[in-house]
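Novice: A structural model of the following input is requested.
(2 chains)
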Number of protein chains: 2
Amino acid sequence: MAEENVVQGLADDARVLVANREWALALAALTALHPADLADLVLELDDEGQRELLDRLPTDISAQLFAYAQDDDELRELIRGVGFADLAAVLEEAEDDVAADVIQQLEPSEQQETLAALDRGDEVAELLQYNEETAGGLMTRGFVALPEETTVQEAIAYLRVVQPAAERAYYVYVLDDEERLTGVVSIRDLIVSAPGTRLDEITQRDFHAVTTGTDQEAAARILQRYNLMALPVVDHEGHLQGVMSADDLIDVLEEEATEDMYRMVGLTEDGEKVFSPVGQSVRRRLPWMLVNVITALVASLTVSLFDATLARATVLAAFMPMVAGQGGNAGTQTATIAVRSMALGDLHVSDLFRAVRKESLVGIANGAAIGVVGGLVSFAWERNTALSLVLGAALFLNIVAATLGGVLIPLGLKSIKVDPALAANIFVTTITDVMGFLFFLGLASLAIDQIA
Amino acid sequence: MAEENVVQGLADDARVLVANREWALALAALTALHPADLADLVLELDDEGQRELLDRLPTDISAQLFAYAQDDDELRELIRGVGFADLAAVLEEAEDDVAADVIQQLEPSEQQETLAALDRGDEVAELLQYNEETAGGLMTRGFVALPEETTVQEAIAYLRVVQPAAERAYYVYVLDDEERLTGVVSIRDLIVSAPGTRLDEITQRDFHAVTTGTDQEAAARILQRYNLMALPVVDHEGHLQGVMSADDLIDVLEEEATEDMYRMVGLTEDGEKVFSPVGQSVRRRLPWMLVNVITALVASLTVSLFDATLARATVLAAFMPMVAGQGGNAGTQTATIAVRSMALGDLHVSDLFRAVRKESLVGIANGAAIGVVGGLVSFAWERNTALSLVLGAALFLNIVAATLGGVLIPLGLKSIKVDPALAANIFVTTITDVMGFLFFLGLASLAIDQIA
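Specialist: Below you'll find the predicted structure:
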């Protein structure tokens, strides 16, 4: 049993051996590691170390590393380490979908060269035609498919011969005379059925399938909803093209959650990691900050409308952050719930009316509570009744508006086919700033004689 | 093949039949639905409709609905619909882990009564002792375990007799004389091995396992990292207690992502959904807004320190939102990356120095860019050189401080064992408000003769 500390110890020993370039011992230790752990170790090395190590690893082990790379950056690092000259030999040992992911990272001319060098080049090339974010782009072609009239005994004999990888062997797909998918037989059904049974007697015809063009998130949600281990992917005529497995699904869902989180705060491009190079991080964070210079100017303009009011009572400036901040909280809380609920399939554009009704009530309740508390606290501090009333009213109005904005902005973005997460927080906080200043300074202008 | 529109059509027909109380036809349509779709349909009904329908559904189908409930709220709704009197009969048909999840929702006295009524009450009671958020709380006891000396032929014969549920039959767990887990054999290995082979000849001894007390997220990460379909759960002596499967893992990871997103914006308790009752939503959102009244007062106090400066140049008030807002963006962007990276295992407290060094550079680059742009834009508007220089400098300083705060606050929370996501955005924006006003109004005070 792999206790986590034993794994850690083995990996640490291997690290020391690699650092000392004791290759014979290092290779023995490294090949005992799980490829996921080995991939981590390789990716920690500097460029030269990666090259030296990958030069020495057997091609079948290098091929497995590609399967455990977590993103395109890591794939590219491994490609550099293996070197283009040896890449085709390594990919020969990888599964088709992994090979396609790797080749996707190359320049077009290198792609052609690599595909030409691969025995299964045509099959890999077919996978390359699909958009990366669809079921076609994620599926593997390593499935087991048999005709309907096959018997259980024949199917088992077939499996003994082809020895499919363990994680591909959960289902046998059943095809009709025209090679269309008609059903699914789980390997457990094979085991529990009498040897002479024909597959069409035990095949489950009421199964789920997606087409190659299905969006990866939609496909992942089907796998998740029906607790499936694998999902067949067919073309428009129903011919089986590949299979998406539950472990692909997990990566898709994690990636989509990260993407939503990042987009909400205006991080562009996908997959910034905490130790991405500084230049990359700047490019990913700066664009929305620049947009925000412009949106912040709208807030500045709003405040400048009330220059005369502020001149009479500079105390108003001290409470501006509270009005804006509480609106920002209420808005981003609601937007976060709305964006996540849309991602999980619990909120749709058609729910607009119901969502607005609910959020109005929540906004009124929270606005009233914070309005009263904010008003009382400011009274305790400034003893200015008019100021406290204006502040309480502005808090109330801004929280109601922000709560509504928090659900309307994501729904609005979705209805015009823009990702609802996209910079939701930046839009929401700009609007809550502007509205908050309008409410607060506008009301204060009306009551300025009582406040000043 | 279940095309999604066919499923939709069938579900819609069933909805109409249920609405018209045409029970005989409705039941025929409903029992043809996948339990996941049926659960959705049942949960849409009002209390009375749920009672009427669940009264008529066969107990084995009602039992499946519990397996597809997505959270505790939905479980409680189904419990009310089934009614306490019929609950034990339904749970008799459910898997142990599902029964335990249901019983967890009951009052202590009802729990005892239900457990006493169940044939497998003792086994379910054992599951109830584990914390809900551990591997013990998630595992199922529906696994297949056999002694080492069993032959492949005997194992297949055993599977034919016990007919385990399809999703539990991927692995056979191999036990030694003292019933300790010594290895795992995949069902595919059984099929491809000669009938007379003993399990201990083909068992994979280098497998991953967790203990009952392992945190659910840590267990989920192991399943994900090593692309496993199931993970055995053992006690401290290595006895197999249960199995966590990949579909549990998906739910755990989705739940953790939602929790992090929600906590970052100060949503307390887990699992608010977009259509949770208004009262619940208010209770979940209000607490941090109340905390924020206090934190906002610190910002107000900061501004009030510069009352005299503001009185001489009210134009300063117009640019306060830009300084605070840009700091807020920079801080929440960084905090989001930090929180997500910690959740995915890419950032640890020990990385503090490296993270601070990187974020300093990013903050300086973004701060310089936004400082220059903000300064230029304000100059185009106000033609006040001193104001633009002060604004640019304040933007620069606040973005640097906010970027550092965005990584230091989550790391700091983690180092004192508080969830790093907890209200990260609320802390970050408060600090960026306060710092921003200090920088901007502080510098403005020094240059007030040039600005006013």
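
Novice: burial count for residue A:236?
Specialist: Look at residue A:236: counted by other C-beta atoms under 10 Å in any protein chain shown, it has 8 neighbours. C-beta: built from backbone N, CA, C; applies to glycine.

Novice: What degree of burial does the residue nearest to it when sequence neighbours are not counted show, as a neighbour count?
Specialist: Beyond its immediate neighbours in the sequence, the residue positioned closest to residue A:236 (C-beta to C-beta, 6 or more residues apart in numbering or on different chains) is residue A:211, lying 6.4 Å away. For residue A:211, the neighbour count with other C-beta under 10 Å is 16.

Novice: Would you list the phi and psi of residue A:211?
Specialist: The phi/psi pair for residue A:211 (degrees, to the nearest 10) reads phi -100, psi 170.

Novice: Residue A:71 now?
Specialist: According to degrees, to the nearest 10, residue A:71 has phi -160, psi 180.

Novice: That one and residue A:154, how far apart?
Specialist: 42 Å (C-beta to C-beta, to the nearest Å).

Novice: And these two? Which one has more around it.
Specialist: Neighbours per residue, other C-beta under 10 Å: of residue A:71 and residue A:154, the larger number sits with residue A:154, 16 against 12.

Novice: With adjacent residues omitted, what lies nearest to the more buried one?
Specialist: Residue A:154 sits nearest to residue A:146 (C-beta to C-beta, 6+ apart), 7.8 Å away.

Novice: Residue A:179 is in contact with that neighbour, correct?
Specialist: No - contact criterion C-beta atoms under 8 Å: residue A:146 and residue A:179 do not qualify, at 11.0 Å.

Novice: Neighbour count for these two, which is higher?
Specialist: Neighbours of residue A:146 and residue A:179, each counted by other C-beta under 10 Å, are more numerous for residue A:146; the result is 17 against 13.

Novice: what's near enough to touch that one?
Specialist: The neighbours of residue A:146, taking C-beta atoms under 8 Å, 6 or more residues apart in numbering or on different chains as the test, are A:154-155, A:158, A:172-175, A:199.

Novice: could those residues go into JSON lines alongside secondary structure and pLDDT?
Specialist: What follows is the contacts of residue A:146, written out as JSON lines (DSSP: H, G, I helix; E, B strand; the rest coil; pLDDT from 0 to 100):
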{"residue": "A:154", "secondary structure": "helix", "pLDDT": "93"}
{"residue": "A:155", "secondary structure": "helix", "pLDDT": "92"}
{"residue": "A:158", "secondary structure": "helix", "pLDDT": "89"}
{"residue": "A:172", "secondary structure": "strand", "pLDDT": "90"}
{"residue": "A:173", "secondary structure": "strand", "pLDDT": "94"}
{"residue": "A:174", "secondary structure": "strand", "pLDDT": "95"}
{"residue": "A:175", "secondary structure": "strand", "pLDDT": "94"}
{"residue": "A:199", "secondary structure": "helix", "pLDDT": "94"}
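
Novice: which pair in the residues you listed spans the largest distance?
Specialist: Greatest spatial distance among these (C-beta to C-beta): A:154 and A:173, at 15.0 Å.

Novice: about what we covered before: run me through the strand neighbours of the helix or strand that contains the residue nearest to residue A:154, direction for each.
Specialist: Assigned by DSSP states H and E, residue A:146 belongs to strand A:144-147. Strand pairing for strand A:144-147, using DSSP bridges, gives strand A:171-175 (parallel).

Novice: how distant is the helix or strand following the partner strand from the center of its chain?
Specialist: For strand A:171-175, the following helix or strand on the C-terminal side (DSSP H and E) is strand A:181-186. Its chain's average C-alpha position is 30 Å from that of strand A:181-186, according to C-alpha atoms, centre = their mean, to the nearest Å.

Novice: Strand A:181-186 - what's its average pLDDT?
Specialist: Averaging the model's pLDDT scores along strand A:181-186 yields 91.

Novice: helices or strands next to that strand in the packing?
Specialist: Packing partners of strand A:181-186 (3 or more C-beta pairs under 8 Å, 6 or more residues apart in numbering or on different chains; DSSP states H and E): strand A:171-175, helix A:199-202, strand A:230-234.

Novice: okay if I get these as TSV plus mean neighbour count?
Specialist: Putting the helices and strands packed on strand A:181-186 into TSV (neighbours: other C-beta atoms under 10 Å in any protein chain shown) gives the following:
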stretch	mean neighbour count
strand A:171-175	24
helix A:199-202	18
strand A:230-234	25
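
Novice: For these, give me JSON lines that also has distance to residue B:14.
Specialist: What follows is those, written out as JSON lines (distance: least, C-beta to C-beta, whole Å):
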{"stretch": "strand A:171-175", "distance to residue B:14": "28"}
{"stretch": "helix A:199-202", "distance to residue B:14": "27"}
{"stretch": "strand A:230-234", "distance to residue B:14": "24"}
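
Novice: Which of those sits closest to residue B:83?
Specialist: Of the helices and strands packed on strand A:181-186, nearest to residue B:83 by C-beta to C-beta is strand A:230-234, at 36.4 Å.

Novice: what element comes up after that closest one heading to the C-terminus?
Specialist: strand A:240-245.

Novice: Extract the CA atoms of the following helix or strand past that next one and return them as PDB.
Specialist: Downstream of strand A:240-245, the first helix or strand assigned by DSSP H and E is helix A:246-264. The C-alpha coordinates for helix A:246-264 follow below in PDB (Å, rounded to 0.1, in the frame of the first residue of the first chain):
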ATOM      1  CA  ALA A 246     -14.500  10.200 -15.900                       C
ATOM      2  CA  ASP A 247     -10.900  11.300 -15.200                       C
ATOM      3  CA  ASP A 248     -11.100  13.700 -18.200                       C
ATOM      4  CA  LEU A 249     -14.300  15.000 -16.700                       C
ATOM      5  CA  ILE A 250     -12.700  15.900 -13.400                       C
ATOM      6  CA  ASP A 251     -10.000  17.900 -15.100                       C
ATOM      7  CA  VAL A 252     -12.600  19.700 -17.200                       C
ATOM      8  CA  LEU A 253     -14.700  20.600 -14.200                       C
ATOM      9  CA  GLU A 254     -11.700  21.800 -12.200                       C
ATOM     10  CA  GLU A 255     -10.500  23.900 -15.200                       C
ATOM     11  CA  GLU A 256     -14.000  25.400 -15.600                       C
ATOM     12  CA  ALA A 257     -14.200  26.300 -11.900                       C
ATOM     13  CA  THR A 258     -10.800  28.000 -12.000                       C
ATOM     14  CA  GLU A 259     -11.700  29.800 -15.200                       C
ATOM     15  CA  ASP A 260     -14.900  31.200 -13.700                       C
ATOM     16  CA  MET A 261     -13.100  32.300 -10.500                       C
ATOM     17  CA  TYR A 262     -10.400  34.000 -12.500                       C
ATOM     18  CA  ARG A 263     -12.700  35.700 -15.000                       C
ATOM     19  CA  MET A 264     -14.900  37.100 -12.300                       C
END
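
Novice: Does helix A:246-264 reach chain B?
Specialist: Yes - Helix A:246-264 comes into contact with chain B (C-beta under 8 Å from any C-beta of the partner chain), by way of A:246-247, A:249-251, A:253-254, A:257-258, A:260-262, A:264.

Novice: Closest one of those residues to residue A:85?
Specialist: So of the residues of helix A:246-264 next to chain B, ranked by how close each gets to residue A:85 (C-beta to C-beta), first place is residue A:251, at 29.8 Å.

Novice: which ones are touching the closest one?
Specialist: residue B:224.

Novice: Would you mind measuring from it to residue B:252?
Specialist: According to C-beta to C-beta, residue A:251 stands 15 Å off from residue B:252.

Novice: Please apply the same query to residue A:401.
Specialist: Residue A:401 is 37 Å from residue B:252, by C-beta to C-beta.

Novice: least trustworthy helix or strand in chain A by mean pLDDT?
Specialist: helix A:4-19 (a mean of 75; mean pLDDT, DSSP states H and E).
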